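Asks: how would this look folded up:
(one chain, ligands or ions: 2)
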Amino acid sequence: MSYKTDFLVIGSGIAGLSFALKAAEKGRVTLISKVDIEESNTKYAQGGVASVMYEPDSIEKHVEDTLKAGHGYCNEEVVRVVVSEGPARIRELVEMGVDFDRRQDGQFDLAREGGHTEHRVLHHKDNTGEAIESVLVKNAQAHPNIEIFENHFAIDILTQHHAGELVNRSRRDIDCYGAYVFDSSSGEVKTIVAKVTVMATGGIGNLYQTTTNPVIATGDGVAMVYRAKGLIENMEFIQFHPTSLYNPNERPSFLITEALRGFGGVLRDWSGREFMDKYHPMGSLAPRDIVARAIDNEMKVRGDDHVFLDCTHLDAEKLRSHFPNITRKCLDLGIDITSDRIPVIPAAHYMCGGIKVDLNGESSIRRLYALGEVSSTGLHGANRLASNSLIEALVFAERAFLHSSARLSSLQHMEGLPEWDFEGTSHPEELVLVTQNYKEVQAIMSNYVGIVRSDLRLNRALKRLVIIFNETEDLYRKSTLSRRLCELRNLINAGYLVIKMANDRHQSLGLHYNIDYPPETSSEF
Ligand code: FAD
Ligand code: SIN
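Replies: Ligands and ions are numbered 1, 2, ... in the order given. Just a heads-up that it's a prediction; the model follows:
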């Protein structure tokens, strides 16, 4: 079934929804989400949104902190754009109804997180993401120009390749005409033809056994664009959040926000010793890559399963009222955060690289924009500063909207694209072939391509992944479509890119730490 729209938006997190709401003022928007509309990384964001609000903070200080966290690998022009356009985007969210916490004097209550030298994180308790997502969803659902397809899975984007031309990675004139989209309920594949397509599919946390990301974060956008011969970059920079709740049988791992450390929480080992001071002058509030690596080191040296976050010295009432969800979650597991230390371990959290885009959010494939976590704008460099991703998504959604809507009237729908070909496929007889390979990919990535890497581990990972790749491609060719199989295929693709880019970088930098290339400066433990 073929279907025409002005803007096809793939993904319903902060990036997709904020673009859709703007684009809907200029044309017809089709928004697709692979499960229900609210399920996204956005919904689970805890800490908040970093943006300069009041003195003594300044644009210059936020720029400096971002550049420093990114180990000098950020694109400074992008950093300045995001930081200086951020406050206007915050005002839009507030006008739309997002209720950031305020102090008694009416000013926003700003939190501090790792790597920030000032209090600048706007938040709603410890469930900021949910507060933002629910407002955006409500507005999108009420908009007459936005058609929402839930439980619709984008399989591949449409390009000249589908019109019978040869498309290779060196071509700089590839166009995107929309996407093939699988309706998980009916089994039908829609050919959605669009003038503009926006990839807003989020991250890849499920490449790893332990992650804060919900199960939908399987690298679909990166894989689709890579298969379509678009440019992907910086995939080696996978951010592990230092503090997820240690609860081995829970997936995804529950996040213990960095804002708790900003509030005064400190990391301790099993003997009660505060250990971060020996790794960085900012102690427990050092940038995330350093804290995650320090915890990993402490756990390995001491043979411990986790470390602790200690908040027991903090004001109990304030702790409960600022962090109600963490308080409740821990209590459910018998941990009273006002009197017990919280067991924590690092977990895969954020993809700093992704689909390479320019200052308008446009990818190397024309008419295809990438926004939010799936994109690589140049903001994060080799390590993302905490709470800088929600603001990045908002700023780039506005820029992509301005750029794409200005050219909308000059764009035509591509005609004559073929419908999806189901020929020669049947239901796989054993779904264990999919689930086992999924687990193997996660084991390979966690054991060989995690927080600390080596050339030997990377090469071993690549060899193992190639076997799984061949098996899965074979299965994919023969099987009727299923979301699970497509996700496995995409994860393998994303894992390959992480390993390849890690292998190509003959140095340790930021989040990519390879023991065969010790960091150049001692501060880069
Ligand atoms: P997402 O919000 O992940 O949305 C992706 C969307 O794409 C989903 O709707 C999904 O269904 C859809 N999708 C994916 N693949 C397909 C497909 N093939 N077909 C159709 N639809 C598809 N950042 C901050 O700045 N501050 C924080 O405090 C913060 N806290 C965090 C806490 C947690 C636990 C996590 C996991 C992340 C946190 N982050 C935080 C990071 C931030 O939440 C994400 O980077 C951001 O929300 C990503 O938004 P997005 O719109 O790009 O993607
Ligand atoms: C957190 O609340 O610690 C997460 C913030 C982020 O990932 O930016």
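Asks: Residues contacting the host helix or strand of Glu64, please?
Replies: Assigned by DSSP states H and E, Glu64 falls within helix 59-69. Helix 59-69 is contacted from outside by 50-52, 74, 76, 79-80, 82-84, 115-118, 120, 287-288, 379-381, 383-385, 388, using CB atoms under 8 Å, 6 or more residues apart in numbering. C-beta here means a position set from N, CA and C on the backbone, and glycine is covered the same way.
Asks: The residue lying closest to Gly381 once chain neighbours are set aside: how many residues sit nearby?
Replies: Closest residue in space to Gly381, ignoring its immediate chain neighbours: Gly70 at 2.5 Å, by CB to CB, 6 or more residues apart in numbering. Using other CB atoms under 10 Å, Gly70 has 29 other residues around it.
Asks: phi, psi of Gly70?
Replies: phi -80, psi 10 (degrees, to the nearest 10).
Asks: still on that earlier bit, output the helix holding Glu64 in PDB, but only the C-alpha positions, please.
Replies: Provided in PDB are the C-alpha atoms of helix 59-69 (Å, rounded to 0.1, in the frame of the first residue of the first chain):
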ATOM      1  CA  ILE A  59      26.800  31.000  27.500                       C
ATOM      2  CA  GLU A  60      30.600  31.000  27.700                       C
ATOM      3  CA  LYS A  61      30.700  28.800  30.700                       C
ATOM      4  CA  HIS A  62      28.300  26.200  29.200                       C
ATOM      5  CA  VAL A  63      30.300  26.300  26.000                       C
ATOM      6  CA  GLU A  64      33.500  25.700  28.000                       C
ATOM      7  CA  ASP A  65      32.100  22.800  30.000                       C
ATOM      8  CA  THR A  66      30.800  21.100  26.900                       C
ATOM      9  CA  LEU A  67      34.100  21.500  25.000                       C
ATOM     10  CA  LYS A  68      36.000  20.200  28.100                       C
ATOM     11  CA  ALA A  69      33.700  17.200  28.600                       C
END
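Asks: can you start the count at 5 instead of 1 from here on
Replies: With the count now opening at 5, the last piece we talked about shows up as helix 63-73.
Asks: is that helix anywhere near ligand 1?
Replies: No - under the criterion of CB under 6 Å from any ligand atom, ligand 1 is not reached by helix 63-73; the shortest gap measures 12.0 Å.
Asks: Quick check: end-to-end length of stretch 34-45?
Replies: One end of stretch 34-45 to the other measures 21 Å (CA to CA, to the nearest Å).
Asks: before we move on, what about stretch 333-341?
Replies: For stretch 333-341, the first-to-last residue distance is 10 Å (CA to CA).
Asks: and it, does that touch ligand 2?
Replies: No - if you take CB under 6 Å from any ligand atom as the test, stretch 333-341 misses ligand 2, and the best it gets is 13.6 Å.
Asks: got the buried residues for that stretch?
Replies: Using 16 or more other CB atoms under 10 Å as the test for burial, stretch 333-341 gives Lys333, Cys334, Ile339, Ile341.
Asks: Out of those residues, which comes closest to Arg265?
Replies: Ile341 (12.9 Å; CB to CB).
Asks: Quick one: check stretch 85-100 for contact with ligand 1.
Replies: No - Stretch 85-100 lies out of reach of ligand 1 by CB under 6 Å from any ligand atom, never closer than 11.0 Å.
Asks: model confidence over that stretch, on average?
Replies: Stretch 85-100 carries an average pLDDT of 98.
Asks: Restricting the selection to alpha carbons, write that stretch to PDB.
Replies: Listed next in PDB are the C-alpha coordinates belonging to stretch 85-100 (Å, rounded to 0.1, in the frame of the first residue of the first chain):
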ATOM      1  CA  VAL A  85      24.700  27.300  18.400                       C
ATOM      2  CA  VAL A  86      23.200  24.800  20.800                       C
ATOM      3  CA  VAL A  87      24.100  26.600  23.900                       C
ATOM      4  CA  SER A  88      23.000  30.000  22.700                       C
ATOM      5  CA  GLU A  89      19.700  28.900  21.000                       C
ATOM      6  CA  GLY A  90      18.900  26.600  24.000                       C
ATOM      7  CA  PRO A  91      17.100  29.200  26.200                       C
ATOM      8  CA  ALA A  92      14.600  30.100  23.400                       C
ATOM      9  CA  ARG A  93      13.700  26.400  23.000                       C
ATOM     10  CA  ILE A  94      13.200  26.100  26.800                       C
ATOM     11  CA  ARG A  95      10.800  29.000  26.700                       C
ATOM     12  CA  GLU A  96       8.800  27.200  23.900                       C
ATOM     13  CA  LEU A  97       8.600  24.000  26.100                       C
ATOM     14  CA  VAL A  98       7.300  26.100  29.000                       C
ATOM     15  CA  GLU A  99       4.700  27.800  26.800                       C
ATOM     16  CA  MET A 100       3.600  24.400  25.600                       C
END
